[in-house]
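**Q** Predicted coordinates and the sequence they were generated for:
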Amino acid sequence: MGHPTRNAAMNLFAQIRSLILTTLEGMVADGVLPEGLNVDPITAEPPRDAAHGDMATNAAMVLAKPAGMKPRDIAQALAERLSMDARVTSAEVAGPGFLNLRLAPSVWQGIAAGVLKEGVDFGRADLGTGQKVNVEYVSANPTGPLHVGHTRGAVFGDALASLLDFAGFDVTREYYINDGGAQVDVLARSVYLRYLEAHGQEVAFEDGTYPGDYLIAVGQALKEKVGADYLDQDEGVWLANVRDFSTDAMMELIKADLAALGVEIDVFYSEKSLYGTGRIEAALEDLKNKGLIYEGVLEPPKGKKPEDWEPREQTLFKSTAHGDDVDRPVMKSDGGWTYFAPDIAYHYDKVQRGFDALIDVFGADHGGYVKRMKAAVSALSDGQVSLDIKLTQLVKLFKNGEPFKMSKRAGTFVTLRDVVDQVGADVTRFVMLTRKNDAMLDFDFDKVLEQSRENPVFYVQYAHARVASVLRKATEAGIAVDDATLGAADLSKLDHEAELALLRKLAEWPRLVETAARSNEPHRVAFYLYELAGEFHGLWNRGNEDGSLRFIQEDDAATSQAKIALARATAIVIAAGLGILGVTPAQEMR
RNA sequence: GGACCAUUAGCUCAGCUGGAUAGAGCGCUGCCCUCCGAAGGCAGAGGCCAGAGGUUCGAAUCCUCUAUGGUCCGCCA
């Protein structure tokens, strides 16, 4: 996975932090500080208030107690030494012992040069150190097209996978096909009805069947494949074949939906492939060997009236030994597996495939499932493999500010395809990431297409398009604007406060990638891009009032190139961020 | 009865895993287009971070209760 020092070289905050640590080592060597201090909690981060300088460190406060010294004394001594570094123009002790650093303009100007040199790889991190991580998302039942709820999970999972890849993990994107349960039998029977219909028969869709129109074509295709062979036949004759035929057809449909959204899955993993192959048995055997499988009777759930509750002995997984609240059944009273059993086997398989970390993306309605799944992975891997489960909350649909109720019966059931067809994949993806994954999301079909600052999709795209516009104009004016030329421009001309502010924002990108990846939260990328765009638009508008801030300076190619370098660097970072989100950067707005 | 998630400006939401005077958009008030796209920008007002305890140099952030809202709770996936 490349160069261990790569991110450290690009992440200015990491650079300054290591400068601080080196300086502290010197103080220890000189006897100013005692030995054996823990420096892990020391940070170098941008202060909230720009008046506090460019970067702040808590080193003095963190070390005060273990060193037995006053924080301000440590800070003062540290300040004097840090001031010796060429990058540091001032170091002031503030508040309870903060050390506020101001960095030389050349440091910030170097950021733009770094971006132009690295391109969209600027900010790529080695946080993952090449560890193998598996991200499982969507995993919708193969019984119909994806709906709007799946869309959020699909976008979130996909962006998370890209983010982790960017942060240096070896990522596998995976989809678990629930093709082993009773619901695929229901699908098969529904398709059979459509098959009969294709043969001209009158059919009725009772409760417990899928009446959706999308199965008409499948029934027709079945007829074309088997002709009249299944007419007037018992279920035993056709069920298994129709089930396979139908799930294949549904997965084709689902894959087409995902493709329309720009989601590419590496591995489609079939639940059915676990049955009859001994794999479920093997997973449970592993748990049994660890003493975690037993026959027992569960307590009835409290509070809720246990109408048909009867104490029943079941085969249970002792998930409480790994943090769950109650033990969970793995076998039904009829001797069949519960749905949990193949899930255990599936995760056992992931563990055996050698992943260092697993991530499951579920809908919020599966929240009750989190603890038992974590317990299973913990038990199966002896605590060696981590499982993080991210829940995506509901998407509430609106049209022109009015709630838009989904109902299959009323025909207002909104599919992923509906959304993509109406607003496009780029807009859909960005909007799905404008909320934290576990917060409800309002999706208004009209507002997401609005062209205003209210709409972050537009706002970010607009910034990128403005840069493209500048590049076009500059080229027309005969100014060379290829990245190599811009990177070699005299960037010391970028000395205005508004320009430095934008450079500082760009400098945060590598740091943001790491924190977003650490918390598995791709929405942070979307929020960062919005802030970055805001900084850029601010500078742009100042050019309206102060001509010297415009990117293109008449009759001064050198200055123009320095300023365009800044614009271009902004566009590169926007493009990199949008790339993680799976959104195409716009060259122009129309 | 229990579990999980939420609660931050009038509204919709961020808050960088414990840092300084808590931010943004919308709405409100006042400004800025002979000018690389004003589809924008600048400034101002607006807060007991649901409440109460605790942990420590320091809490919106961590712990414990409480209140409200959402999701879920054996043989459905």
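**A** Done, it's in. Residues are numbered from 1 along each chain as shown, chains lettered A, B, ... in the order given.

**Q** Now the most centrally placed residue in chain A: closest residue in space, sequence neighbours ignored.
**A** Chain A has residue A:160 as the residue nearest its centroid, 2.1 Å off, counting by Cα atoms, centre = their mean. Closest residue to residue A:160 apart from its sequence neighbours, by Cβ to Cβ, 6 or more residues apart in numbering: residue A:522 at 5.0 Å. Heads up, the C-betas are built off the backbone N, CA and C, glycines and all.

**Q** what residues go with each domain of chain A?
**A** With domains defined by automatic domain parsing, chain A comprises A:6-103, A:132-178+A:267-392, A:182-255, A:452-581.

**Q** how about low-confidence regions in the stretch 1-150 of chain A?
**A** The stretch 1-150 of chain A contains residues with pLDDT under 70 at A:1-9.

**Q** That one: strands as residue ranges?
**A** A:44-45, A:55-57, A:88-94, A:98-103, A:132-136 (DSSP state E, counting those that start in this stretch).

**Q** Where does residue A:296 sit, in terms of helix or strand?
**A** strand A:293-297 (DSSP states H and E).

**Q** who does that strand touch, helix- and strand-wise?
**A** Counting contacts by 3 or more Cβ pairs under 8 Å, 6 or more residues apart in numbering; DSSP states H and E, the secondary-structure elements packed against strand A:293-297 are strand A:313-317.

**Q** List the buried residues for the strand it packs on?
**A** By neighbour count with 16 or more other Cβ atoms under 10 Å, strand A:313-317 contains the buried residues A:314, A:315, A:316, A:317.

**Q** The most far-flung residue of chain A relative to its centre: what secondary structure?
**A** The C-alpha centroid of chain A is most remote from residue A:232, which lies 50.1 Å away (Cα atoms, centre = their mean). Under the three-state scheme (DSSP: H, G, I helix; E, B strand; the rest coil), residue A:232 adopts coil.

**Q** what does the stretch 151-300 of chain A put close to RNA strand B?
**A** Selection of the stretch 151-300 of chain A residues close to RNA strand B by Cβ under 7 Å from any atom of the strand yields A:178, A:180, A:181, A:182, A:183, A:271, A:298, A:300.

**Q** Narrow these to those in helices?
**A** A:182, A:183 (DSSP state H).

**Q** The residues of the stretch 151-300 of chain A next to RNA strand B: which two are farthest apart?
**A** A:271 and A:300 (29.4 Å; Cβ to Cβ).

**Q** which one of the two has more residues nearby?
**A** Looking at residue A:271 and residue A:300 with other Cβ atoms under 10 Å, you find the greater number of neighbours at residue A:271, namely 22 against 12.

**Q** got a list of what the residue nearest to the more buried one when sequence neighbours are not counted touches?
**A** Closest residue to residue A:271 apart from its sequence neighbours, by Cβ to Cβ, 6+ apart: residue A:180 at 3.8 Å. When contacts are counted by Cβ atoms under 8 Å, 6 or more residues apart in numbering, residue A:180 touches A:270, A:271, A:272, A:274, A:275, A:342.

**Q** tell me the mean pLDDT over the lengthiest helix in chain A?
**A** Ranked by residue count, the top helix of chain A under DSSP H comes out as helix A:235-261. What helix A:235-261 shows for mean pLDDT is 95.

**Q** Run the chain-centre distance for that helix.
**A** 28 Å (Cα atoms, centre = their mean, to the nearest Å).

**Q** Which neighbouring elements make contact with it?
**A** So helix A:235-261, by 3+ Cβ pairs under 8 Å, 6+ apart, packs with helix A:148-166, helix A:182-198, helix A:216-226, helix A:416-423, helix A:425-432.
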